[in-house]
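Chemist: okay, here's the prediction I keep looking at, along with the sequence it came from:
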Amino acid sequence: MGEEHKDPEVVDIVIDDEKQPQTELNNNSQPPLSDLSGIGHQEAFVDQKAFTQKKKVRHVLIAALITLGVILIAGYTTMVIICSSRFQPNTVINGVDYSFRTPEAVQQEIDSKKSGYEIHVKLRNGEFTIHPADIGLVITTASDVQRVKEKQNPFLWFMALFDQPNEAAYVIMYDQRKLDAYLDSVSFLKPENMKAPENPMIVLNDGVPEIRKGDAGTTVNRDKLKLLIEDRVRNLTRDINLEKEGCYEKALYDENSDKVVKCRDLIASYTELKITYLYGEEIRFKLRAEDIYNMLDIDLEKYYCSVSKRKVENFVEAFAYEHDTYGKDRIFKTHFGKKLKLNSSYLGWEIDQEAEVKALIMNISRRENIEREPMFTHKGHVYTGDGSDIGDTYVELDLSVQKIYYYVDGRLLIEDDVISGNPNRYQNTPSGLYEIYGMRKDVVLTGPGYASHVDYWMPFNGEIGLHDAYWQSKFGGNLYLTRGSHGCVNLTHSTAQTLFETGYRGLPVICYWRTDDNFIK
């Protein structure tokens, strides 16, 4: 410490890069310690050009990053602003991409696809179309479109790139009161214009009962129609076929119903009956299946049938009107060939309608196959169809020539002279068609101022009759004008006897004068 120690002198070595080449040191070489031991301080080497270049690149990068950040922020902000009122990118609704469209525009576009919607209703007897305005129909997707928008966060718009497609269902609304009012206005649906369905009919086809479908009618089930309209509106489908949808009221029974089939069989048990009316021995009137069918009461609600007294009465009355001949005009052909129209209250066929109704009801109700005469109040001798009822056996009195002609089975048995009533005493024998209603022997005929015995008495018109007249010595000619009777027809004894022995009660007697105005020209 007594002597001050001085460091060795330090020499700065400045190496001029331009005058002395730089000594390169291997990375693995170390300067010998002996070479550094004499060096006290050396400055680091700095490349100013390279440094400046690197600094410039750094500034560019920083500027680029700032610019990119500004762009990204601006873009993000722009997208936030856009997506605040519009749909985000990749917004797919009902299979359509609506990116960057406003909800209102999207709703209008989707709703417009149903703007022409209407319901076409086809009926049995016509058709009509329901338009939206008719029922206050509104079809819109507003709520679902808005729901899609509301679930999108504009600040996370980029997340929409990973969204799934959306569905927007239609919200459908209509006014029930308007629908009711509209249906009330449709002419096809007015009660007065709808025809009620009919139960099956049982009709005759060639005399055989068969089931025939009743008219299906046009009565619409209003409640079912409204349900169908609601279904079409809900599914936005357009057509309703009321026939196919089973929207019509149905009859209580159809043609396969057990009651209908049984009723048909019951009717057949009546119409198959064989009932025949006999007029004499040859003429037959067979009741047709239609006749019997028309005498039945058929209840098409309960499907039961029975014999109707009223309808049987109608049948018997009509049958009697057609076939009764009693009291009606009929045509008679005289022995000399001229035709004469006669009327008779005594001769002909007449049905006892009250008795026949009872008998016929019994026959049908008991299912009787029968041949019989109708119940008659009067019977003719024959039934010829032309209403003559006289037949081939009768007495013909041609009073103009004072003759009797007696035919038996069409053969002339007697032709003889007679004496009829005296017209000068107003006791003329009247014209007409009669029948013998009595056959007596040994009778005393009495009247004012006389009493006469006859062997054969055969009255035919009140107190006028045919008889023998022993007091007449001659017959025929004009003797009736002076020796005529009180109205009876006087016969010779032999003629009276033959007539009495071969005649019978009911034997027709035809009286006429050739001057009568009822001869047919």
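Modeler: Arrived safely.

Chemist: alpha carbons only for contacts and neighbour counts from here, please
Modeler: Noted.

Chemist: tell me which helix or strand of the chain sits lowest on mean pLDDT?
Modeler: One helix or strand of the chain scores below all others by mean pLDDT, DSSP states H and E: helix 33-36, with a mean of 45.

Chemist: is it true that L507 touches V395?
Modeler: Yes: using Cα atoms under 8 Å, L507 makes contact with V395 at a distance of 7.5 Å.

Chemist: tell me the buried residues in the lengthiest strand in the chain?
Modeler: Secondary structure of the chain per DSSP state E: the longest strand is strand 450-461. Buried positions in strand 450-461, judged by neighbour count with 16 or more other Cα atoms under 10 Å: H453, V454, D455, Y456, W457, M458, P459, F460, N461.

Chemist: chain center to it, what's the gap?
Modeler: Per Cα atoms, centre = their mean, to the nearest Å, the displacement of strand 450-461 from the mean C-alpha position of its chain is 75 Å.

Chemist: now tell me what touches the one helix or strand V316 maps to from outside.
Modeler: Under the criterion of DSSP states H and E, V316 resides in helix 309-323. Outside of helix 309-323, the residues within contact range by Cα atoms under 8 Å, 6 or more residues apart in numbering are 291, 294-296, 349-351, 353-354, 356-357, 360-361.

Chemist: tell me the average confidence for the helix or strand following it?
Modeler: Next in sequence after helix 309-323, counting helices and strands by DSSP H and E, comes strand 329-333. The average pLDDT within strand 329-333 is 86.

Chemist: now swap in stretch 427-447 and tell me
Modeler: 93.

Chemist: tell me which residues of that stretch come out buried.
Modeler: Quick answer for stretch 427-447 (16+ other Cα under 10 Å): N428, T429, P430, S431, G432, L433, Y434, E435, I436, Y437, M439.

Chemist: please enumerate residues in contact with that stretch?
Modeler: 342-347, 420-423, 451-461, 464-465, 485-489, 500, 504-513.

Chemist: just the buried subset of those residues, written out for ChimeraX, thanks.
Modeler: Of these, the buried ones can be selected in ChimeraX as follows, counting by 16+ other Cα under 10 Å:
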select :342,343,344,346,347,420,421,422,423,453,454,455,456,457,458,459,460,461,464,465,485,486,487,488,489,500,506,507,508,509,510,511,512,513
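
Chemist: from the contacts of stretch 427-447, which land in strands?
Modeler: 342-343, 451-461, 464-465, 489, 508-512.

Chemist: where is the longest helix in the protein?
Modeler: In the chain, taking DSSP state H as the definition, the longest helix is helix 48-85.

Chemist: please state the offset of that helix from the chain centre?
Modeler: The chain centre lies 87 Å from the centre of helix 48-85; the measure is Cα atoms, centre = their mean.

Chemist: give the buried residues for it.
Modeler: Quick answer for helix 48-85 (16+ other Cα under 10 Å): Y76, M79, V80, I82, C83, S84.

Chemist: quick check: Q107 is in a helix.
Modeler: Yes: the assignment for Q107 is a helix, going by DSSP: H, G, I helix; E, B strand; the rest coil.

Chemist: so what's the residue count around it?
Modeler: By other Cα atoms under 10 Å, the residues close to Q107 number 19.

Chemist: how about the one 3 residues further on?
Modeler: In terms of burial, I110 registers 20 neighbours under the definition other Cα under 10 Å.

Chemist: so it, which of the three states?
Modeler: Under three-state DSSP, I110 comes out as helix.

Chemist: now do the contacts for the spatially closest residue to it that is not a sequence neighbour.
Modeler: Of all residues not flanking I110 in the chain, T141 sits nearest, at 7.3 Å (Cα to Cα, 6 or more residues apart in numbering). By Cα under 8 Å, 6+ apart, T141 lies in contact with Q107, I110, D111, A168, A169, Y170, V171.

Chemist: could you export these as JSON lines, including pLDDT and distance to R366?
Modeler: JSON lines is the format used below for the contacts of T141 (pLDDT from 0 to 100; distance: Cα to Cα, whole Å):
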{"residue": "Q107", "pLDDT": "76", "distance to R366": "82"}
{"residue": "I110", "pLDDT": "79", "distance to R366": "79"}
{"residue": "D111", "pLDDT": "75", "distance to R366": "77"}
{"residue": "A168", "pLDDT": "74", "distance to R366": "78"}
{"residue": "A169", "pLDDT": "75", "distance to R366": "74"}
{"residue": "Y170", "pLDDT": "74", "distance to R366": "72"}
{"residue": "V171", "pLDDT": "80", "distance to R366": "72"}
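
Chemist: thanks again, I'm all set now.
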